[in-house]
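1. Turn this into a structure:
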Amino acid sequence: MIKAAVVLLVLSLNGYGFAEPLAQVSLILPFSKNNPPHYFASDEGELKGGIEPDILWKIFTGMKVEMVYYQLNRASILFKSQQEYDCISPAPAQLRGKAGFYESKEIFSSYYNRAIVLASAKLPVTSLMSLQGKEIRAFPGASEYLGEEFAELVKNNKQHYRELSHLIFTIPMLFYKRFDVLIMDEQVFRYHASQLKYDFLKGENKVVFHHLLPVTHYTLMCKNKALIDMFDSRMKKLRESGELDTIIRNNINRQTH
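-> Numbering: from 1, shown residues only. From the prediction side, this is the model:
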């Protein structure tokens, strides 16, 4: 388990409508090691920042914020069965509408997943079904989160489909032509490809971002309604004030070296 705990000074929550501030919050998040710009982590797995952590630290200012990582399937089981975890994202579909579990109205994170191919490959990509028979690589959990059509493609393309978690190796494999199609958030790809010094906008390494998949929006789910009310109220303020855009922009432009 990769675990990161950040202790913040306890500040007053007056002005937000919460008379009795909670002391701490423990969250299960999908930050499998280093996944910029969404999550920046050390080699030891300690969170250093990122879009989602920066949002949570801002929203839960004045509280002890603990963020932990478990693999997708195990995360929902642990969240349901163990009291120590207060919140989780993505919100497990099987817990929606269940007593004692509250889902945010505000969106917590958004991923702009694309089908990324080398321009030089000249693949006739017109739809998800046009990827049938192609060697496809995707992020962990893609087959569960990218909709029914993509799930059907995976089902019918099992021999040519793999989910890989190590982005620093996966992206170069696309340029080395080890597979045909990479399914990945465009911001994540642009960040890592730039860090790896690939010029993916022109020349032999130019890629095409095919917009075949819907934007994936993830919410937050908590066992304490007060936490969800706090999240919704403050997330709305971050969005309307423009501060959310600043957090996103700062992390996209952030350098790790």
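2. I'd like to know how far residue 243 sits from residue 214.
-> Taking Cβ to Cβ, to the nearest Å as the criterion, residue 243 is separated from residue 214 by 26 Å. (C-beta placed from N, C-alpha, C; glycine too.)
3. Show me what counts as buried in stretch 85-103.
-> Neighbour counts using 16 or more other Cβ atoms under 10 Å place 85-92, 95, 101-103 of stretch 85-103 among the buried residues.
4. That stretch - what's its average pLDDT?
-> Computed over stretch 85-103, the mean pLDDT rounds to 94.
5. first to last residue in that stretch, what's the distance?
-> Terminal residues of stretch 85-103 are spaced 15 Å apart (Cα to Cα, to the nearest Å).
6. Can you show me the helices along this protein?
-> According to DSSP state H, the chain carries its helices in the segments 51-59, 72-81, 142-145, 148-155, 167-175, 186-195, 225-241, 243-252.
7. For the last one, the averaged confidence score.
-> Looking back up the chat, that one is helix 243-252. What helix 243-252 shows for mean pLDDT is 94.
8. picking that back up, can you list the buried residues of stretch 85-103 in TSV and add distance to residue 139?
-> Conversion of the buried residues of stretch 85-103 to TSV gives the following (distance: Cβ to Cβ, whole Å):
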residue	distance to residue 139
85	23
86	26
87	22
88	18
89	15
90	13
91	18
92	18
95	22
101	25
102	27
103	23
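9. Closest one of those to residue 156?
-> residue 90 (25.0 Å; Cβ to Cβ).
10. give the contact list for the closest one.
-> Residues near residue 90 by Cβ atoms under 8 Å, 6 or more residues apart in numbering: 30, 145, 218-219.
11. Let's see that with 6 Å instead.
-> Taking Cβ atoms under 6 Å, 6 or more residues apart in numbering, we find residue 90 in contact with residue 218.
12. what's the answer for residue 108, then?
-> By Cβ under 6 Å, 6+ apart, the contact list for residue 108 reads 89, 218-220.
13. Taking those residues together, which two end up most distant?
-> Of all pairs drawn from these, the widest gap by Cβ to Cβ lies between 218 and 220 and measures 7.9 Å.
14. Which neighbours do the two have in common?
-> With Cβ under 6 Å, 6+ apart applied, the overlap between the contact sets of residue 218 and residue 220 consists of 89, 108.
15. Looking at the two, which is more packed in?
-> Neighbour comparison, residue 218 and residue 220: the larger count goes to residue 220, with 28 against 18 (by other Cβ atoms under 10 Å).
16. For residue 135, what are phi and psi?
-> Phi and psi for residue 135, reported as degrees, to the nearest 10, are phi -80, psi 120.
17. Closest one of the contacts of residue 108 to residue 129?
-> Here the nearest of those to residue 129, counting by Cβ to Cβ, is residue 218; it sits at 25.8 Å.
18. Confirm for me that that closest one is in contact with residue 89.
-> Yes. Using Cβ atoms under 6 Å as the test, residue 218 is close enough to residue 89 to be in contact (5.4 Å).
19. what's the closest non-adjacent residue to residue 109?
-> The shortest distance from residue 109 to any residue that is not its chain neighbour, by Cβ to Cβ, 6 or more residues apart in numbering, is 4.8 Å, and that residue is residue 218.
20. cool, residue 179 as well?
-> The shortest distance from residue 179 to any residue that is not its chain neighbour, by Cβ to Cβ, 6+ apart, is 3.8 Å, and that residue is residue 135.
21. Of all the helices of the chain, which one comes closest to residue 25?
-> Each of the helices of the chain was checked against residue 25 via Cβ to Cβ, and the shortest separation belongs to helix 225-241, namely 6.1 Å.
22. what angle sits between the closest one and helix 51-59?
-> When axes from the mean of the first three to the mean of the last three Cα atoms, to 10 degrees is applied, the directions of helix 225-241 and helix 51-59 differ by 110 degrees.
23. hang on, the earlier thing: for burial, what's the neighbour tally of the residue nearest to residue 179?
-> Residues within reach of residue 135, counting by other Cβ under 10 Å, total 17.
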